[in-house]
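Enquirer: My questions are about this predicted structure, shown below with the sequence.
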Amino acid sequence: MPADPLASAYHRSLALRWFATALALPVLVPLLLARGLDLSQVALVMATFAAVTAAMEVPTGGLADAFGRVRVTLLADSATLIAQLAFMLAPSLTGLLAAAALGGAARALGSGSLEAWYVDARRARDPGGDLQGPLARAGVVQSLVLAFSMLAGGALPLLAPLLGIVAAGDVRALQLTYAAAAAVWIVSIAVTSRLHEVRSASLQARRTARIAARPDRVARVALAALRRDPALVALVMIGAALGAVVMSMETFLPAELQARWGPEGVSVVLGAVMAAAFGATAAGQALAARLATAAARVPLARVVQGTALLAAGAAVVAIDPAVLGGAALGLGAGVDAPASAIAVVAVGAAGAWLVYLGLGFANPALAAAFHARVVSTERATMLSLRSLAAYAGGVGATLVLGAVAEGTGLTVVWLVVAGLAAGAALTAGLWRDVGVPSLA
């Protein structure tokens with residue numbers, strides 16, 4: 001297959017942005033704890049980031065429609081760089097909260113802007129061209145970069161003693177990963193700045209987008225789009241359900257693995273499981289890309305299949321291997337033995353990998369169906385709405401399922417997650433032809 005310069009440019013920017021974003025994640029909480037924060041203060045910092053991101057998601061989305069996808073992406077990335085440096089050097093809880101707020105604002109500002117640039121650039125080159133394949137291939141790049149960056153970010157503090165800094169795990173050793181992430185952000189900004197802005201040919205369309213970018217108008221634009229297209233509401237609802245599944249995995253899977261493995265060394269286990277999970281997502285996206293042409297007319301058929309995998313995976317995680325099938329796994333009274341611990345973790349990991357495989361398979365088709373319903377001048381705004389819906393679904397699920405886990409245990413949590421995925425599959429089945437028309 002001949003090289004696609006447009007895809008190559010997008011993949012370079014996408015890979016660098018996500019590498020810089022995820023590189024510091026493995027040391028985020030350890031750095032806060034090493035700074036002397038207790039768990040409630042750590043939660044406050046994380047909640048500040050989440051709250052600012054959610055509050056600014058849609059209002060900032062219109063800026064990319066009005067002032068340019070590349071410009072807004074560069075502004076968001078520059079703000080993220082400043083936020084990471086502030087987070088690395090902040091001397092107090094107040095400073096950390098301010099850095100978290102700036103990081104949340106930057107995350108919201110950049111949400112969907114680079115993807116909107118890529119979609120518009122492809123539309124400008126080939127208005128009737130396939131989007132599922134290109135978006136799926138971009139998703140493969142993103143997932144592989146996430147897997148690698150998680151491993152690299154966790155390993156960087158181990159290099160600190162070799163560089164004569166301090167023992168691994170100390171504050172300065174953990175700051176090494178943040179310094180590396182800042183360096184990657186600088187390279188990422190330089191690479192993204194070389195992208196050429198895609199402009200609508202209509203001056204009136206640009207004026208409309210600038211008006212819509214006003215914070216008091218963005219919500220009206222998004223609601224108007226939903227009112228005129230009920231199928232778009234269904235797509236947003238599916239996205240909210242998938243957001244609930246993803247955040248539930250990120251929140252409760254560590255607790256599930258610790259319950260199966262024990263507290264000693266669980267972070268290493270979690271890192272390995274999550275790196276493999278991103279690999280599973282990449283595999284699902286690669287499969288979606290290969291099948292994209294066959295599903296071009298009905299992309300939600302792939303969403304049905306992918307969300308069914310999600311439901312099955314969550315149901316597998318819900319299985320207690322010490323009770324169900326324990327004999328087949330060689331488990332008995334001595335479940336604390338290393339071999340038994342590996343076996344019970346493997347069952348949970350297999351379910352998690354199935355969930356992430358389904359996400360990789362479903363998301364490109366869902367994105368293609370979504371883009372088919374959205375006009376170009378509103379694309380970044382609507383992508384921010386989609387992101388907000390996923391975020392809101394995730395936050396709501398986490399709050400509700402946290403209480404469920406406290407009261408009834410994690411098994412019920414995974415069954416609820418399986419039910420959410422099954423509901424998304426049912427909704428996608430009912431609206432399986434929404435990807436046919438193209439408004440953009």
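Expert: Looks like it arrived, so ask away.
Enquirer: Please spell out which residues along stretch 97-114 are buried.
Expert: 97-114 (16 or more other CB atoms under 10 Å). In short, each C-beta sits where N, CA and C put it, glycine included.
Enquirer: do stretch 222-235 as well
Expert: Judged by neighbour count (16+ other CB under 10 Å), stretch 222-235 contains these buried residues: 222, 225-226, 229, 231-232, 234-235.
Enquirer: Got phi/psi on Pro157?
Expert: phi -60, psi -20 (degrees, to the nearest 10).
Enquirer: actually Gly112, not the one I typed
Expert: phi 80, psi -10.
Enquirer: My guess is Ala283 contacts Leu354. True?
Expert: No: applying CB atoms under 8 Å, one finds Ala283 not in contact with Leu354, separated by 11.1 Å.
Enquirer: So which of these two has more stuff around it?
Expert: Legend: neighbour count by other CB atoms under 10 Å for Ala283 and Leu354, higher for Leu354 (22 against 18).
Enquirer: What helix or strand is the more buried one located in?
Expert: helix 338-372 (DSSP states H and E).
Enquirer: now for that helix, which elements pack on it?
Expert: Here helix 338-372 touches helix 132-159, helix 230-261, helix 266-290, helix 300-318, helix 326-329, helix 379-408, helix 410-430, going by 3 or more CB pairs under 8 Å, 6 or more residues apart in numbering; DSSP states H and E.
Enquirer: quick one, domains of the chain?
Expert: Split into domains by automatic domain parsing, the chain comes to 1-134+146-199, 221-440.
Enquirer: Reformat those domains as JSON lines; add mean pLDDT.
Expert: Formatted as JSON lines, the entries for those read as follows, by pLDDT from 0 to 100:
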{"stretch": "domain 1-134+146-199", "mean pLDDT": "84"}
{"stretch": "domain 221-440", "mean pLDDT": "78"}
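Enquirer: who wins for proximity to Val140 among those?
Expert: Between Val140 and those, the tightest spacing by CB to CB is seen for domain 221-440, at 4.5 Å.
Enquirer: and the helix holding Leu354, which residues are buried?
Expert: In helix 338-372, residues buried by neighbour count (16+ other CB under 10 Å) are 340-341, 343-345, 347-372.
Enquirer: Same check on stretch 139-149?
Expert: Of the residues in stretch 139-149, those buried by neighbour count under the rule 16+ other CB under 10 Å are 139-149.
Enquirer: Show me which of these is closest to Glu57.
Expert: The shortest gap between Glu57 and any of those belongs to Gln142, at 19.3 Å (CB to CB).
Enquirer: Mind giving me the packing neighbours of the helix or strand containing Arg220?
Expert: Assessed by DSSP H and E, Arg220 sits inside helix 215-228. Based on contacts counted as 3+ CB pairs under 8 Å, 6+ apart, the elements that helix 215-228 packs against are helix 39-67, helix 203-212, helix 230-261, helix 379-408.
Enquirer: Repeat the analysis, applying 6 Å as the threshold.
Expert: helix 39-67, helix 379-408 (3 or more CB pairs under 6 Å, 6 or more residues apart in numbering; DSSP states H and E).
Enquirer: Skip the chain neighbours and tell me the closest residue to the spatially most central residue of the chain.
Expert: The residue at the geometric middle of the chain, judged as the C-alpha nearest the mean C-alpha position with CA atoms, centre = their mean, is Val246 (7.9 Å). If you skip the residues right next to it in sequence, Val246 has Gly394 as its closest partner in space, 6.3 Å away by CB to CB, 6 or more residues apart in numbering.
Enquirer: so who does that neighbour touch?
Expert: Gly394 makes contact with 243-244, 247 under the criterion CB atoms under 6 Å, 6 or more residues apart in numbering.
Enquirer: if we go to 8 Å?
Expert: 243-244, 246-248 (CB atoms under 8 Å, 6 or more residues apart in numbering).
Enquirer: what's around Ala179, how many residues?
Expert: Burial of Ala179 is recorded as 14 neighbouring residues (other CB under 10 Å).
Enquirer: Gln175 and Leu31 touch, don't they?
Expert: Yes: under the criterion of CB under 8 Å, Gln175 is in contact with Leu31, at a separation of 7.2 Å.
Enquirer: hey, what's in contact with both of the two?
Expert: Taking CB under 8 Å, 6+ apart as the contact criterion, the common neighbours of Gln175 and Leu31 are Met88.
Enquirer: And Gly358, how far from Thr398?
Expert: 20 Å (CB to CB, to the nearest Å).
Enquirer: same question, Ala283
Expert: According to CB to CB, Ala283 and Thr398 sit 27 Å apart.
Enquirer: go on, Ala15?
Expert: When distances are taken as CB to CB, Ala15 and Thr398 turn out to be 29 Å apart.
Enquirer: Tell me the gap between the helix holding Leu354 and the middle of its chain.
Expert: Centroid separation between helix 338-372 and its chain, computed with CA atoms, centre = their mean, to the nearest Å, is 13 Å.
Enquirer: contacting residues around the closest residue to Val233 other than its chain neighbours?
Expert: Distances taken as CB to CB, 6+ apart put Leu226 closest to Val233, at 5.2 Å, once the chain neighbours are dropped. The contact partners of Leu226, by CB under 8 Å, 6+ apart, come to 232-233, 236.
Enquirer: Quick check: Val412 touching Val404?
Expert: Yes: the pair Val412 / Val404 is scored as a contact, 5.6 Å apart, by CB under 8 Å.
Enquirer: what about Glu406, how many neighbours?
Expert: Residues within reach of Glu406, counting by other CB under 10 Å, total 8.
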